[in-house]
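# coords below, sequence missing:
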């Protein structure tokens, strides 16, 4: 199937400055996905950097001699943390030419947990004027916490406007999550764009991602890079986190009766929790409720978080 109809629709998006910051490309062969991304990247640079058009040729992108374009090829190996850290290092340096930069990561479904966590942190803190393309042959194997941040492009479909379900799901998640901790419901958009919310969402998704993937929740949480701004108000942050956890596990219990209350459209994010029995879910809710009742009297909120993780870890059943 030709990708020309999709490219044509993307040109309209480029010209109207409506590009998203992150796309997940699936469908067809790896060679066709690469060809699509190279052509799309060329068109983006051509429009965004007209004064440097002579530097952003398709051959320069393909040969990897353009420093504003970063292509990560794993050569059939698992994506490692060191490769993501190198990507971060490159993209946090000022570009040599223009402003716009693009990165592509091949076979995003094949990644280590450490690399996935580093990538999630990078996605939350990517520099301005940065667009990412993640390529996969199997959408089901990509971590839900990564999928939830992306706009999905299926090359087997010819209409881009039919491919927005995942983006809507991502927007729905922001609306659901922010509504639980936003002190001013009349300014929801501003709250979603705030640094506090973005850090909170990043940590909550980190917890979800590590629920099944990590042998130790406590050790996983220790590795999370809490920024100083959050550490300074950690008691408030922990209060919000425990409050959201309570509703998350309530939703999982209601989900069994197809009556979710808080996170109605987050099937992908709930996948790792589907093995919990009803009794395990009840036990977890009792634990969270106990911590919620004593949060206002806590002296060391960091230690309280670690203690909570240890108790939750015992309920996972594996």
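Arrived safely. As the structure is a prediction and not an experimental result, all values here were calculated from the model.

# quick one: the helices in the stretch 1-150 of the chain?
Taking DSSP state H, counting those that start in this stretch as the test, the helices found in the stretch 1-150 of the chain are 4-15, 30-48, 58-63, 81-91, 113-124, 144-147.

# which element follows the last one toward the C-terminus?
Meaning helix 144-147. Next in sequence after helix 144-147, counting helices and strands by DSSP states H and E, comes strand 151-154.

# partners of that following strand in the sheet?
Using DSSP bridges, strand 151-154 pairs in its sheet with strand 22-26 (parallel).

# Also compute the angle for the partner strand relative to helix 4-15, please.
Going by axes from the mean of the first three to the mean of the last three C-alpha atoms, to 10 degrees, strand 22-26 is angled at 180 degrees with respect to helix 4-15.

# if I look at residue 15, how far off is residue 47?
According to C-beta to C-beta, to the nearest Å, residue 15 stands 7 Å off from residue 47. (Glycine included, C-beta is placed from N, CA and C.)

# Mind checking which of those two has more residues around it?
Legend: neighbour count by other C-beta atoms under 10 Å for residue 15 and residue 47, higher for residue 47 (15 against 10).

# Before we move on, what's the pLDDT of that one?
The per-residue pLDDT reported for residue 47 equals 83.

# Distance of residue 89 relative to residue 31?
29 Å.

# repeat for residue 82
Counting by C-beta to C-beta - residue 82 and residue 31 are separated by 27 Å.

# And residue 7, by the same measure?
Taken as C-beta to C-beta, the span from residue 7 to residue 31 is 16 Å.

# got it, and residue 285?
Per C-beta to C-beta, residue 285 is found 49 Å from residue 31.

# go on, residue 173?
On the measure of C-beta to C-beta, residue 173 and residue 31 end up 33 Å apart.

# and stretch 280-300, average pLDDT?
The model assigns stretch 280-300 a mean pLDDT of 90.

# List the contacts of it.
The contact list for stretch 280-300 (C-beta atoms under 8 Å, 6 or more residues apart in numbering) reads 235, 238-239, 242-243, 245-246, 249-250, 252-253, 276, 301, 304, 308, 311-312, 315-317.

# Among those residues, which lie within strands?
Secondary structure from DSSP state E places none of the contacts of stretch 280-300 in strands.

# Any of the residues you listed buried? List them.
Taking 16 or more other C-beta atoms under 10 Å as the criterion, what is buried in these is 238-239, 242, 245-246, 249-250, 252-253, 276, 301, 304, 308, 311-312, 315-316.

# when you check the residues you listed against the helices, which ones overlap?
Taking DSSP state H as the definition of helices, the buried ones among the contacts of stretch 280-300 contribute 238-239, 242, 245-246, 249-250, 252-253, 301, 304, 308, 311-312.

# Tell me the one among the residues you listed nearest to residue 208.
residue 245 (10.3 Å; C-beta to C-beta).

# Phi and psi next, for the closest residue to the closest one other than its chain neighbours.
Leaving aside its sequence neighbours, residue 245 sits nearest to residue 288 (C-beta to C-beta, 6 or more residues apart in numbering; 5.2 Å). In terms of degrees, to the nearest 10, the main-chain angles of residue 288 are phi -60, psi -40.

# At which residues are the helices of the stretch 151-300 of the chain located?
In the stretch 151-300 of the chain, the helices defined using DSSP H, counting those that start in this stretch lie at 165-181, 188-193, 195-213, 217-222, 228-231, 234-255, 267-270, 278-294.

# With distance to residue 40 added, can I get the ones you listed in a markdown table?
Formatted as a markdown table, the helices of the stretch 151-300 of the chain follow (distance: least, C-beta to C-beta, whole Å):
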| stretch | distance to residue 40 |
| --- | --- |
| helix 165-181 | 17 |
| helix 188-193 | 27 |
| helix 195-213 | 27 |
| helix 217-222 | 35 |
| helix 228-231 | 36 |
| helix 234-255 | 36 |
| helix 267-270 | 25 |
| helix 278-294 | 44 |
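
# just so I know, which of the helices of the stretch 1-150 of the chain lies nearest residue 203?
Smallest distance to residue 203 across those (C-beta to C-beta): 9.6 Å, for helix 113-124.

# Model confidence for residue 53, exactly?
As predicted, residue 53 sits at a pLDDT of 65.

# remind me which residues of the protein are low pLDDT?
Counting by pLDDT under 70, the chain has low-confidence residues at 1-2, 51-56, 75-76, 158-171, 214, 256-260, 264-268, 317-318.

# quick one, domains of this structure?
The chain breaks down by automatic domain parsing into domains covering 4-163, 170-314.

# First-to-last residue distance for stretch 136-155?
Using C-alpha to C-alpha, to the nearest Å, the end-to-end distance of stretch 136-155 comes to 11 Å.

# And stretch 9-25, by the same measure?
OK, stretch 9-25 end separation, C-alpha to C-alpha: 15 Å.

# got the buried residues for it?
Applying 16+ other C-beta under 10 Å to stretch 9-25 flags 10, 14, 19, 22-25 as buried.

# again with stretch 188-208
191-192, 196-197, 199-208.
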